[in-house]
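**Student:** Fold the following, please.
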Amino acid sequence: MSSAFFRKKLQTLASDYGRLLRQILRHDRMLRGSFHQVYTRCGKENCWCAKANKGHPHTRLTWTEEGLMMTRKVGASEQQAVLKLTDAYKRFGQQRQELTALHQQIQNRLDDYQKAVIRQSRKPLGLLPPKPSLSAKTQSPLQTRRPGQNQGRSKRFRR
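**Tutor:** Predicted coordinates for the structure are as follows:
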């Protein structure tokens, strides 16, 4: 494929990369952690929770910080805000993974673009490698060697 094809593909990927990066940078508030509801028993013998399968419902935010598990109770008035902030953190992580994958695609297309430009640059100079179906001796006067072949040491000229 031509370098123009890869150039166009790279421009599209760069545009997607910029769009995704702008989306990521819009996140100005987020909370790391797991927001969930748990049930606990209060320990009072006369309470209904002593006889029930589940105890009193509580919502909690749980996260790790410097290797320690942290848990905080979230009040009813804060639940919507905490849910929104933890969802923002999850979206941030997903978008970050997408950005990493897109970056890898850009790297791969840059490799393809580089090969295509080198090939196009060699063509007018007659420096293309021989076609695999023909032997190197009949195709081109270029010297070729396989990786790992010992070519001997080159002599250096001294003044």
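**Student:** Surely R109 forms part of a helix?
**Tutor:** Yes - per DSSP: H, G, I helix; E, B strand; the rest coil, R109 lies within a helix segment.
**Student:** Surely it and K9 touch.
**Tutor:** Yes - counting by Cβ atoms under 8 Å, K9 is a contact partner of R109 at 5.4 Å. No exception for glycine: its C-beta is placed from N, CA and C like everyone else's.
**Student:** quick one, which of these two is more surrounded?
**Tutor:** Between R109 and K9, counted using other Cβ atoms under 10 Å, the more crowded position is R109 (19 against 16).
**Student:** From T100, how far off is the more buried one?
**Tutor:** 15 Å (Cβ to Cβ, to the nearest Å).
**Student:** Also A50?
**Tutor:** Distance from A50 to T100, by Cβ to Cβ: 51 Å.
**Student:** Who has more neighbours out of the two?
**Tutor:** Set side by side, A50 and T100 show more neighbours around A50, with 12 against 9, by other Cβ under 10 Å.
**Student:** wait, what's in contact with that one?
**Tutor:** Going by Cβ atoms under 8 Å, 6 or more residues apart in numbering, A50 touches R41, K44.
**Student:** What pLDDT does the model give it?
**Tutor:** At A50, the pLDDT value in this model is 86.
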